[in-house]
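**Q** Everything below, folded, please.
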Amino acid sequence: MSFYEFISKHPSVIKPFALFGTSHILALMTAIFFIAAFTNLSNKYEGVQKFYKVFLLTALPLQEITFRLWDCFYQDLRFESLFSLHLCSIAIFLCIIILVKYNQSMFEILFFWGLGGATQALLTPDISIYGFPHFRFFQVFLSHGLIIATIIYFLLVEGKRVRKGSLKRVLINTNIYALFVFFINSIFKTNYLFINHKPYTPSLIDLLGPWPFYIIWLELIMIVAFSLLYMPVLYAEKHAVKEELEVSS
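**A** Model prediction:
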């Protein structure tokens, strides 16, 4: 396979991506193994922890810049090639920021946006013709895998926690952000978050009805997904309260 085929807009040799095909399963297993291994080693060895944090801080912007260059020079030079306001793209910037200087509010947004969006993107990546071993295949799994890796790092290595009431705050902030993105889409003729119209390529959104009714379903799906992510937080809070009562008694 040539390098041109590796970065091509319309690969002729590389087969299209197959959902839950062999390459998809192997990519998921690799991501899980990488995250589990480095999280475990970071908890055991301070040197590995420092290396891992530097690696995340380096890999996140590097892959994003590389993807933007590819999208600009090998695809079409357009507004969406330079900037992205999708939740996972913003999650990458939040990862970079809190790796440099931790911020609790940003971490809580990242917790819900990152785990909710990146997990879905890994399970159902929208890469159609870009199967293994195309550049786009590697970039999609790397970018979303790094988001999850960063969240897991802060949770299990640095011991950060999501505060009580964060679900309500993030839901409100997400809807405010979506409204802002709607106006940006209207001005620049973009479709970030897919709230101005459905994606042009087939997607699960096609099953949710016409615009604007599918937005209501997306809202409900978001509430359910974020609530499921919040359940361990509620359990931890109740467990902590129970321990305090037992100690005081």
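**Q** my guess is residue 193 meets residue 87, correct?
**A** Yes. Taking contacts as CB atoms under 8 Å, residue 193 lies within contact range of residue 87: 7.1 Å. For the C-beta atoms, the positions are set from N, CA and C on the backbone; glycine is no exception.
**Q** So which of the two has more stuff around it?
**A** residue 87 (25 against 18; other CB atoms under 10 Å).
**Q** got the contact list for the more buried one?
**A** 113, 116, 117, 174, 193 (CB atoms under 8 Å, 6 or more residues apart in numbering).
**Q** how near is it to residue 20?
**A** Residue 87 sits 23 Å away from residue 20 when distances are taken as CB to CB, to the nearest Å.
**Q** Check residue 63 too.
**A** Residue 63 is 24 Å from residue 20, where distance means CB to CB.
**Q** do residue 126 as well
**A** Distance from residue 126 to residue 20, counting by CB to CB: 14 Å.
**Q** Show me which of those two is the more surrounded one.
**A** residue 126 (13 against 10).
**Q** Give me the secondary structure label for the more buried one.
**A** coil (DSSP: H, G, I helix; E, B strand; the rest coil).
**Q** count of neighbours near residue 25?
**A** With other CB under 10 Å as criterion, residue 25 counts 11.
**Q** An error on my part: the question was meant for residue 37.
**A** Here the count is done by other CB under 10 Å, and residue 37 has 12 residues near it.
**Q** Which of the helices or strands spans it?
**A** Residue 37 belongs to helix 22-44 when elements are defined using DSSP states H and E.
**Q** Quick one: list the elements packing against that helix.
**A** On a contact count with 3 or more CB pairs under 8 Å, 6 or more residues apart in numbering; DSSP states H and E, helix 22-44 meets helix 46-73, helix 119-123, helix 135-152.
**Q** Please pull out the lowest mean pLDDT helix or strand from the protein.
**A** Least confident helix or strand, the chain: helix 79-82 with a mean of 69, by mean pLDDT, DSSP states H and E.
**Q** now the residue nearest the centre of the chain: how far from residue 199?
**A** Centrality entry for the chain: nearest residue to the mean C-alpha point is residue 118, 2.8 Å, by CA atoms, centre = their mean. Taken as CB to CB, the spacing of residue 118 relative to residue 199 amounts to 18 Å.
**Q** Repeat that for residue 232.
**A** Distance of residue 232 to residue 199, given as CB to CB: 31 Å.
**Q** try residue 166
**A** Distance from residue 166 to residue 199, counting by CB to CB: 30 Å.
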